[in-house]
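# how would this look folded up:
(chains A, B and C)
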Amino acid sequence: MEAALARWGRGESSAFVEIVREHQAMVFSMAYYFLHDRSVAEEIAQDVFLRLYRNLAGIKSPAHLMLWLRKVTSRRCIDEVRRNPARPQVSLEEAPEPFDPSPPSDPLLSRRLRRLVTSLPENARMVIILRFQEELELAEIAEILEIPINTVKSRLQRSLAMLREKLDTVLESAGDEAD
Amino acid sequence: MRTDACRAAFRTVLLVVVAACAGLPAYAQSARLQITGLEKLASKAAEVVDVTLDGPMLKLASKFIAADEDPDADKTLALIKDLKGIYVKSFEFEREGEYSPEDVEAIRAQLHAPGWVRIVGVHSKRERENTDVYLMSAGSEKAVQGLVIIAAEPKELTVVNIVGPIDLDKLSALEGHMGVPHLEMEKDKSPSKAAGSHEEKK
Amino acid sequence: MKPIEEELRAALRKQEPPEGFAARVLARVNTRPTPQTAWWAPLRAFVRSPRWRWVAAAVAACLLLVAAVVYHRREQRMEAQGEMAKAQVMKALRIASVKLNIARRKVQEIDRSGPQS
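Numbering: from 1, shown residues only, chains lettered A, B, ... in the order given. This is a model prediction of the structure:
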């Protein structure tokens, strides 16, 4: 990635495509898990890369690039929810899941979990995504969301407790239906 | 020949009237005089006092006088409370004859306007001191609306113009208070000294 | 069931965007003005950055300081003006009072000497 940035610095515009391809999954997934709408997620991801194109001259290193992309994507996602609070959520039962080359441990459980994540408050939702999609440390999440580390910690704990409780309820009702 | 002299006299009178009217319009209805023609005296004078205080400055001064701890401050405040302006020009010369009576003619001319009344005119031939006090009254109760004092001494010329309701007794009583010196003139001067004076009262 | 953390990692695995995403981004890039034309972009980025808060706080503090200095100087100027106006009033009243009393006393002297002469 450093090479791509260096090439961009030398004026090679093809370096930008390389950067997009390298990070498109991260940006798109953050938006998709946050909003659960593939078309809106793609729109947001495109916006983020357009902004990157305009600001690429200010990016100093690959680490800076990652931080910048995560920061802008988080902010853009939260803004989108605040701007359109009534945006209808696509039902996971109805939405076709994209092809995933690495099968999850339990596809049904993963689908339910993703749905439960969407039901979390927007700030807590982004903490969960950054923690479990991006595998970031609490300090890194705090830096991206520009909040104190203790807030990240408490939001994470509260979200996990909430998810556990909801998942148990969902699984119990599913078990009852199966019985 | 006589006709020519009449014409010249008429022309002079007309010029004086026109000149007086030109300077008057803004002040005709108020007790504010246009104190002009004295500027040239400033260069000859050893000491010049030039005070120009209009409404806002008087209000500002009132605030500071009110804050004064002097027990006589209330008297001063009562005196200036409703005044609209205080204007003073005073020149003190080292030698006699540095100014002429004509220098104050432009001012005296304005005092011929309706409303002005000379209440005191003291003209001392021996001491060559002339003091005239004029008042402007208005309304049915003839309330005082302005005061002018023209004091001409051999080495001093003073013109005071106070605009607004002024109480002469209070102004007079200010002597000896708030830093105003008390002059013991009655004791100093014998009746014989005043005998050479010509006095007019209205 | 695995711990929920493990399940979340599995559920939130990264997904590729729909086919042709990069091409679509490039197409949008080419239809948009180049970075050079967006002269206000650095300013906007700066305003949105956390550093802006510090700059804004510093600017606000400076403005407050300037306002305080201006107010203090204005007060000082007003005080000087007020003292000067007070001194002028006293000087004017002193002159008026003295001149008025001179005239009064002369009138009194004449009144007194009149009947004698």
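
# Okay, buried residues for the worst-scoring helix or strand of chain A on mean pLDDT please.
In chain A, no helix or strand scores lower on mean pLDDT, DSSP states H and E than helix A:2-9, which sits at a mean of 76. For helix A:2-9, a neighbour-count test (16 or more other C-beta atoms under 10 Å in any protein chain shown) marks A:4-5, A:7-8 as buried. In short, each C-beta sits where N, CA and C put it, glycine included.

# now the residues you listed in CSV, with distance to chain C?
Shown next, in CSV, are the buried residues of helix A:2-9 (distance: C-beta to the nearest C-beta, whole Å):
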residue, distance to chain C
A:4, 13
A:5, 15
A:7, 16
A:8, 12
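
# Farthest-apart pair in those residues, please.
A:5 and A:7 (7.3 Å; C-beta to C-beta).

# neighbours of residue 61, just the number please.
Just going to use chain A. Residue A:61 is flanked by 11 other residues according to other C-beta atoms under 10 Å in any protein chain shown.

# wait, I meant chain B there
26.

# To what extent is the residue lying closest to residue B:173 once chain neighbours are set aside buried, counted in neighbours?
Nearest non-adjacent residue to residue B:173, counting by C-beta to C-beta, 6 or more residues apart in numbering or on different chains: residue B:75, 7.3 Å away. Residues near residue B:75, counting by other C-beta under 10 Å, number 14.

# and residue B:75, that one's in a strand?
No: read with DSSP: H, G, I helix; E, B strand; the rest coil, residue B:75 is helix and lies in no strand.

# worst-scoring helix or strand of chain C, pLDDT-wise?
Of chain C's SSEs (mean pLDDT, DSSP H and E), minimum confidence goes to helix C:41-48, a mean of 73.

# Now the residue nearest the centre of chain B: closest residue in space that isn't a chain neighbour?
Taking C-alpha atoms, centre = their mean, the centroid of chain B lies closest to residue B:149, which sits 2.5 Å from it. With C-beta to C-beta, 6+ apart as the criterion, residue B:149 has its nearest non-adjacent residue at 4.2 Å, and that residue is residue B:160.

# ok but that neighbour is inside a helix, no?
No: Residue B:160: not assigned to a helix; according to three-state DSSP it is strand.

# was I right about it contacting residue B:148?
Yes: with contact defined as C-beta atoms under 8 Å, residue B:160 counts as touching residue B:148 (6.8 Å).

# Can you report how many residues lie near residue A:121?
Count around residue A:121 with other C-beta under 10 Å applied: 13.

# Please determine how far it is located from chain C.
As for residue A:121, its distance to chain C is 16 Å (criterion: C-beta to the nearest C-beta, to the nearest Å).

# Quick one, grab the pLDDT at that residue.
On the pLDDT scale, residue A:121 is placed at 89.

# Please determine how far it is located from residue A:82.
12 Å (C-beta to C-beta, to the nearest Å).

# Which of the three states applies to residue B:157?
Three-state call for residue B:157 (three-state DSSP): strand.

# Identify the bridge partners of the residue nearest to the centre of chain B.
Listed beta-bridge partners, residue B:149: residue B:133, residue B:160 (assigned using DSSP bridges).

# Isn't it up against residue C:100?
Yes: using C-beta under 8 Å, residue B:149 makes contact with residue C:100 at a distance of 6.2 Å.

# Which neighbours do the two have in common?
Shared contacts of residue B:149 and residue C:100, defined by C-beta atoms under 8 Å, 6 or more residues apart in numbering or on different chains, comprise residue B:133.

# any idea of the mean pLDDT for the helix or strand following the least confident helix or strand of chain C?
Counting by DSSP states H and E, the element after helix C:41-48 in chain order, helix or strand, is helix C:50-116. Mean pLDDT, computed over helix C:50-116, is 86.

# Could you confirm whether helix C:50-116 reaches chain B?
Yes: using C-beta under 8 Å from any C-beta of the partner chain, we find that helix C:50-116 touches chain B at C:78, C:81-83, C:85-86, C:88-110, C:112-113, C:116.

# Narrow the residues you listed to those that are buried.
C:82, C:85-86, C:88-107, C:109-110, C:113.

# How about residues contacting stretch B:122-138?
For stretch B:122-138, contacts defined as C-beta under 8 Å, 6+ apart pick out B:31, B:111, B:115-121, B:143-154, B:168, B:193-194, B:196-200, C:99-100, C:102-103, C:106-107, C:110.

# Can you tell me how far the nearest residue to residue A:147 once chain neighbours are set aside is from residue A:77?
In this structure, residue A:147 finds its nearest non-sequential neighbour in residue A:123, 7.8 Å apart by C-beta to C-beta, 6+ apart. Distance, residue A:123 to residue A:77, using C-beta to C-beta: 11 Å.

# Give the full set of residues in contact with the residue most central in space within chain A.
With distances taken as C-alpha atoms, centre = their mean, the residue of chain A nearest its centroid is residue A:30 (1.6 Å). If you count contacts by C-beta under 8 Å, 6+ apart, residue A:30 has them with A:70, A:73-74, A:77, A:126, A:129-130, A:133-134.

# Now the helix or strand harbouring it: buried residues?
According to DSSP H and E, residue A:30 maps onto helix A:14-35. Neighbour-count burial for helix A:14-35 flags A:15-16, A:18-20, A:23-35 (criterion: 16+ other C-beta under 10 Å).

# Check stretch B:169-176 too.
B:171, B:173-175.

# any low-confidence regions in chain B?
B:1-29, B:140-141, B:176-202 (pLDDT under 70).

# where along it do the helices fall?
Taking DSSP state H as the test, the helices found in chain B are B:2-23, B:55-66, B:73-80, B:105-110, B:168-173, B:185-188, B:191-194.

# What is the second one packed up against?
Here helix B:55-66 is seen to pack against helix B:73-80, strand B:85-92, helix C:50-116 when contacts are counted using 3 or more C-beta pairs under 8 Å, 6 or more residues apart in numbering or on different chains; DSSP states H and E.

# separation between the residue of chain B found nearest chain A and residue C:83?
Among all residues of chain B, residue B:63 sits closest to chain A, at 52.2 Å; criterion: C-beta to the nearest C-beta. Per C-beta to C-beta, residue B:63 is found 11 Å from residue C:83.

# Same question for residue C:95.
In terms of C-beta to C-beta, residue C:95 sits 19 Å off from residue C:83.

# ok, now how distant is the closest residue to residue B:162 other than its chain neighbours from residue C:3?
Take residue B:162 and drop its neighbours on the chain: the residue closest to it by C-beta to C-beta, 6+ apart is residue B:147, 4.4 Å away. As for residue B:147, its distance to residue C:3 is 101 Å (criterion: C-beta to C-beta).

# So for these two, which sits in the more crowded spot?
Per other C-beta under 10 Å, whichever of residue B:147 and residue C:3 has more neighbours is residue B:147, with 25 against 10.

# Identify the residues contacting the residue of chain B closest to chain A.
Contacts of residue B:63 by C-beta under 8 Å, 6+ apart are residue C:82.
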